[in-house]
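Peer 1: with the input below, show me the fold.
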Amino acid sequence: HRVFVTGNTVVDALRATPHDGAFEDPRLDAALEAALDGADGRGDARTLLVTAHRRENHGPRLYAICGALRTLVRRFRDVRVIFPVHLNPNVDRVVRQELGDVARVHLVEPVSYGDLLRLMGRCYLILSDSGGIQEEAPSMHKPVLILREVTERPEVVECGAGKLVGTSEERIVAEVTRLLVDEDEYAAMSSAGNPFGDGRAAERIVEALLREL
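Peer 2: Numbering: from 1, shown residues only. Modelled structure (predicted):
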């Protein structure tokens, strides 16, 4: 009776942060507007938003992630990748070495929170090892493939909005391919309910405190 379920305030923060309109960093607009082979640049392109920075993914696992991205853009000519690259040299060096000259892979500097939300809103799906993005993706109705073997946010997997895919190059390629070619699978993940709440967590916290204290 002393525990109050309010929802996660990350949903409140997301809804309170403007993320319509142009990017703060105009280079992101240019990346998303660039014409693709097999796409006309006016909406036919599908964008994969990628983030990877966790220490356990440094080294061979990060190389495998990069290998999967190379395979995907070569296999699907209407796909582009936007990858805000973490400043940690163990990430930056590998990602730029492996993907710096790959067509339709855009490596960008770390982005503001508003621009990250704008990217999430405009992408087709997300690949990430970030904990926060696992919480935000359901609010944006974007499938998130989690580049980890376990997650401390099992709700996103249990509700069907996310899937643990690890860092195996073959598995990443297979799971992204599934979402690119299977409309029903994509629709199921992108329409999953938000397990983190409705954006009114702060209100409920205030109400509980006023009532109980």
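Peer 1: count the residues that sit near the closest residue to residue 160 other than its chain neighbours.
Peer 2: Setting aside the residues directly before and after it, residue 160 is nearest to residue 192 in space (CB to CB, 6 or more residues apart in numbering), at 4.2 Å. Bear in mind the C-beta positions are built from the backbone N, C-alpha and C, glycine included. When neighbours are counted by other CB atoms under 10 Å, residue 192 registers 18.
Peer 1: for residue 143, see how far away the spatially most distant residue from the centre of the chain is.
Peer 2: For the chain, the largest distance from the centre (CA atoms, centre = their mean) belongs to residue 213, which lies 39.3 Å off. Separation of residue 213 from residue 143 (CB to CB, to the nearest Å): 41 Å.
Peer 1: repeat for residue 154
Peer 2: For residue 154, the distance to residue 143 (CB to CB) stands at 16 Å.
Peer 1: equivalent analysis for residue 127, please.
Peer 2: Taking CB to CB, one finds residue 127 at 10 Å from residue 143.
Peer 1: residue 157 reaches residue 164, doesn't it?
Peer 2: Yes - Residue 157 is within contact range of residue 164, at 6.1 Å (criterion: CB atoms under 8 Å).
Peer 1: what touches both of those two?
Peer 2: Shared contacts of residue 157 and residue 164 (CB atoms under 8 Å, 6 or more residues apart in numbering): 146, 151.
Peer 1: quick check: phi and psi at the residue nearest to residue 160.
Peer 2: Taking degrees, to the nearest 10, you get phi -60, psi 150 for the backbone angles of residue 192.
Peer 1: how about it, what does it touch?
Peer 2: Residues near residue 192 by CB under 8 Å, 6+ apart: 138, 159, 160, 161.
Peer 1: report the two of those residues separated the most.
Peer 2: Greatest spatial distance in the contacts of residue 192: 138 and 160, 9.4 Å, computed using CB to CB.
Peer 1: so those two - more neighbours on which side?
Peer 2: Ranked by neighbour count (other CB under 10 Å), residue 138 and residue 160 place residue 138 first, with 25 against 16.
Peer 1: CA atoms only: put the worst-scoring helix or strand of the chain on mean pLDDT into CSV for me.
Peer 2: Sorting the helices and strands of the chain by mean pLDDT, DSSP states H and E puts helix 26-33 at the bottom, at a mean of 87. Below are the C-alpha coordinates for helix 26-33, written out as CSV (Å, rounded to 0.1, in the frame of the first residue of the first chain):
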residue,chain,number,x,y,z
PRO,A,26,21.4,21.1,-40.4
ARG,A,27,23.7,18.3,-41.5
LEU,A,28,21.1,15.9,-40.3
ASP,A,29,18.6,17.3,-42.7
ALA,A,30,21.2,16.9,-45.5
ALA,A,31,21.8,13.3,-44.6
LEU,A,32,18.1,12.4,-44.6
GLU,A,33,17.5,14.3,-47.9
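Peer 1: ok, then the element right after that helix?
Peer 2: strand 46-51 (DSSP states H and E).
Peer 1: ok now that following strand, how far from the chain's centre?
Peer 2: Averaging C-alpha positions (CA atoms, centre = their mean, to the nearest Å) puts strand 46-51 7 Å from its chain's average.
Peer 1: next: stretch 203-213.
Peer 2: 33 Å.
Peer 1: quick one, what contacts residue 151?
Peer 2: 131, 134, 157, 162, 164.
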